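[1] turn this into a model:
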Amino acid sequence: MSSNILALLPEIILTITGVIIMLAEPCLRPGNNRKSLGWIAIAGTIASLGAAWYQIPLGTVHAFSNTIQVDAFSILFHFVIGAVVLVTLLGSLDYFHGNASHAGEYFALICFGATGMMLMSSSVELLMVFIGLEISSISTYIMCGFRKGQATGSESAVKYFLLGSFATAFFLYGVALAFGATGSTNLYSIAHGLETTATPKLAFLALAMILIGLGFKVSAAPFHVWTPDVYQGAPAPVVGLMSTAPKAAAFAVLLRVTFTGFPHMQHRWSALMWILAALSMTVGNLGALLQRDVKRMLAYSSIAHAGYLLVAFTALPYDGIAAACFYTATYAAMNVGAFAVITQVAGYEERARTIDDFTGLGSKRPWLAALLAFFLLSLIGIPFTGGFFGKFYVFTAAIHGNNVWLAVIGLLNSGIACFYYLRLLTAVYTKAGSDAAKLEPRNRLSVPAAIGLSLATAATFFLGILPGGAVQFAEYASHSTLIEQGRQQCAETPDNCKLPLRF
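    This is a model prediction of the structure:
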């Protein structure tokens with residue numbers, strides 16, 4: 001098999017799956033159930049995960065003139081993105097019950113969006129990153145307004161599209177300035193060009209503009225203003241997807257850009273990351289305290305968690321990359337699980353929106369209430385959950401990098417987060433009141449949704465009590481990235497090579 005095809009095998013499978021769904025959807029009678037299309041999407045996602053697994057023993061593979069690099073780092077993010085998409089699809093099969101006319105488009109868009117996200121995580125060429133970013137973003141823009149006839153959904157899609165386009169412009173200007181400063185848009189060539197560039201200030205400006213564009217995608221403060229409104233108006237399963245998978249892809253790009261493309265400027269961008277991390281954690285948690293709408297509360301929570309993840313960027317390269325990879329996986333598992341529960345409770349019409357609407361869930365839907373409680377406790381960072389070990393890993397990496405005060409700020413913010421998570425948890429197990437009828441589901445929990453919730457629960461649980469395997473893979477991803485960077489530098493400047501080239 002060609003190395004080019006092998007490098008993009010997961011993306012190719014998802015693209016073919018999306019095309020099959022689009023071709024099959026018109027063949028179904030109007031009004032008929034589109035669940036079969038969802039099963040096609042699930043099969044394609046599982047196949048793409050199998051393809052990613054097949055890539056593991058291949059080591060580092062370069063394709064398409066060194067614009068694509070498949071290594072342990074990209075494979076890890078492929079697994080995270082694919083797992084999130086799988087849980088989302090399983091929880092969405094019955095979401096369009098009675099509203100099946102546009103369900104086929106939804107399943108196809110998820111496949112196409114996942115293709116763009118995976119492409120981002122394996123790209124070492126900034127123009128290729130832009131292509132993946134646009135594929136992912138356009139799909140997400142459309143899905144935000146998927147609940148037709150809902151004004152909040154249309155507002156969500158339009159606001160996300162306009163602000164997203166603005167942020168993408170910053171990213172493109174940054175790419176152009178990076179080319180002007182170093183003569184290349186390849187991350188390894190940029191790193192080599194920074195050693196001899198005559199315009200270091202232009203290069204730093206390029207990095208700053210790229211950070212602005214990616215900061216929007218990860219919902220880091222002060223680039224977070226779109227997040228609460230978009231999360232509130234978008235369908236619950238879409239919010240679960242867009243709060244995890246696109247963020248994972250954006251953080252993968254951010255890690256490559258900073259540690260691979262601009263390692264010689266770490267003393268500068270590390271200070272920026274320090275500020276962004278502290279600001280995101282504080283703004284996110286304080287903003288969440290004021291919210292009564294559950295999705296808006298979790299939107300501010302996602303801003304805070306973006307801050308926790310940015311803490312890893314202030315650490316030493318090896319520790320920082322590994323901690324960021326592990327925290328991305330844990331956050332994806334617990335957050336997509338929380339939104340999967342909200343999807344099952346609220347339904348397509350979203351009958352339960354505010355914290356008060358969840359009152360009595362513990363008595364009416366005890367299993368869903370227990371799962372929601374588990375995911376909320378993990379988001380807090382309670383021991384024996386993935387959230388606890390993720391935060392422990394990130395803060396430890398920051399301390400090793402002599403950023404003790406940033407770790408202290410993170411711990412204080414974790415304490416603040418307890419208030420709004422426990423407020424929702426208290427409502428769940430409070431005696432049902434007059435609004436309890438809102439929690440009455442039309443159908444029992446379906447088998448696919450139960451499987452999706454089980455996968456998210458198992459991942460969150462085992463990342464908390466048995467994190468060894470995931471930590472080793474994250475460390476291997478970090479090491480393979482840095483070793484490959486050393487190989488590239490040695491290939492360009494062999495006389496100055498002092499880095500070990502064997503793992």
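
[2] what mean pLDDT does stretch 110-118 have?
    Computed over stretch 110-118, the mean pLDDT rounds to 96.

[3] next: stretch 27-46.
    If you average the pLDDT over stretch 27-46, you get 86.

[4] then stretch 320-333?
    Stretch 320-333 comes out at a mean pLDDT of 96.

[5] pull that stretch out as PDB, backbone CA atoms only.
    Extracted in PDB, the C-alpha atoms of stretch 320-333 (Å, rounded to 0.1, in the frame of the first residue of the first chain):
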ATOM      1  CA  GLY A 320       4.200  19.300  28.800                       C
ATOM      2  CA  ILE A 321       3.400  17.400  25.700                       C
ATOM      3  CA  ALA A 322       2.700  14.200  27.600                       C
ATOM      4  CA  ALA A 323       0.500  15.900  30.200                       C
ATOM      5  CA  ALA A 324      -1.400  17.800  27.500                       C
ATOM      6  CA  CYS A 325      -2.100  14.600  25.500                       C
ATOM      7  CA  PHE A 326      -3.300  12.700  28.600                       C
ATOM      8  CA  TYR A 327      -5.500  15.600  29.800                       C
ATOM      9  CA  THR A 328      -7.100  15.900  26.400                       C
ATOM     10  CA  ALA A 329      -8.100  12.300  26.500                       C
ATOM     11  CA  THR A 330      -9.500  12.500  30.000                       C
ATOM     12  CA  TYR A 331     -11.400  15.700  29.300                       C
ATOM     13  CA  ALA A 332     -12.900  14.300  26.100                       C
ATOM     14  CA  ALA A 333     -14.100  11.200  27.900                       C
END
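
[6] which other residues reach stretch 208-224?
    Applying CB atoms under 8 Å, 6 or more residues apart in numbering, the contact partners of stretch 208-224 are 126, 133, 163-164, 167-175, 177-178, 226-227, 246-247, 250-251, 253-254, 257, 269, 272, 276, 279-280, 282-284, 299, 302-303, 306-307, 309-310. All C-beta spots, glycine's among them, are computed from the backbone N, C-alpha and C.

[7] select only the buried ones of those in ChimeraX?
    Entered in ChimeraX, the line below selects the buried ones among those, by 16 or more other CB atoms under 10 Å:
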select :126,133,163,164,167,168,170,171,172,173,174,175,177,178,226,227,246,247,250,251,253,254,257,269,272,276,279,280,282,283,284,299,302,303,306,307,309,310
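
[8] just the ones in helices from the contacts of stretch 208-224, please.
    Taking DSSP state H, the ones among those that sit in helices are 126, 133, 163-164, 167-175, 177-178, 227, 246-247, 250-251, 253-254, 269, 272, 276, 279-280, 282-284, 299, 302-303, 306-307, 309-310.

[9] and the nearest residue to T67 once chain neighbours are set aside, how far from I416?
    Spatial nearest neighbour of T67, excluding adjacent residues (CB to CB, 6 or more residues apart in numbering): E125 at 3.7 Å. According to CB to CB, to the nearest Å, E125 stands 40 Å off from I416.

[10] who has more neighbours, these two?
    With neighbours defined as other CB atoms under 10 Å, E125 and I416 compare such that E125 has more, 21 against 16.

[11] just checking, the more buried one touches L187?
    Yes. Applying CB atoms under 8 Å, one finds E125 in contact with L187, separated by 7.3 Å.

[12] the stretch 101-250 of the chain: strands as residue ranges?
    Here the stretch 101-250 of the chain has no strands by DSSP state E, counting those that start in this stretch.

[13] show me where it has helices.
    Ranges of helices in the stretch 101-250 of the chain, per DSSP state H, counting those that start in this stretch, are 103-121, 126-144, 151-182, 187-193, 200-217, 227-233, 236-242, 245-255.

[14] state the mean pLDDT of stretch 205-217.
    The average of the pLDDT scores along stretch 205-217 is 95.

[15] just the buried positions in that stretch, please.
    In terms of neighbour count (16+ other CB under 10 Å), stretch 205-217 has its buried residues at L205, A206, L207, M209, I210, L211, I212, G213, L214, G215, F216, K217.

[16] quick check: closest non-adjacent residue to the third one.
    On the basis of CB to CB, 6+ apart, the spatially nearest residue to L207 that is not a chain neighbour turns out to be F262, at 5.2 Å.

[17] ok, now the first one?
    Distances taken as CB to CB, 6+ apart place L177 nearest to L205, at 5.8 Å, with adjacent residues excluded.
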